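> Below: sequence and its predicted model.
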Amino acid sequence: MTGEFLESAGAGRRAKPSVLLLEDIAPTALQTFADAGFTDVQLEKTAFEADALTPRLARVEVLGVRSRSKITREVLNAAPHLLALGCFSVGTNQVDLDAARRLGVPVFNAPFSNTRSVAELTIAEIVMLYRGVFSKSL
């Protein structure tokens, strides 16, 4: 289904879009895209400020970010071919959703991506409270 959508995403577009992944998205993402036939996938380890990010977006059709990248209206306007914006985080507050909506760019997130980390932290805090770690550290 995803491949069909991407292939029919618009006249004049390549069958497999250009992908830019920021903020050290898991390297397995590269393999997943490669397995799906994507050949133009760039993986960057850091987030970029708007002035450094906008020139990189001229040909990007799919953008993946985590929480440090701020995707403003200006950034979105610099990506005329953007088909989709993925936020590999719980929320989408790093994206100007109104601007994305006006440009017709769907924004999605991974709401359960941090569930395991939150559960682990909660369990660790319960153990610390049970053992009285805080009162012992004063």
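Perfect, thanks for sending it.
> contacting residues around the longest helix seen in the chain?
Longest helix in the chain by number of residues (criterion: DSSP state H): helix 115-131. For helix 115-131, the surrounding residues in contact (C-beta atoms under 8 Å, 6 or more residues apart in numbering) are residue 134. (Each C-beta comes from the backbone N, C-alpha and C, glycine too.)
> Please export the C-alpha coordinates of the following helix or strand past it as CSV.
For helix 115-131, the following helix or strand on the C-terminal side (DSSP states H and E) is helix 133-136. The C-alpha trace of helix 133-136 is given here as CSV (Å, rounded to 0.1, in the frame of the first residue of the first chain):
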residue,chain,number,x,y,z
VAL,A,133,17.2,6.5,47.7
PHE,A,134,16.2,10.1,47.9
SER,A,135,16.1,10.4,51.7
LYS,A,136,19.4,8.5,51.9
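> gap between helix 133-136 and the chain center?
Computed by C-alpha atoms, centre = their mean, to the nearest Å, the chain-centroid distance of helix 133-136 equals 38 Å.
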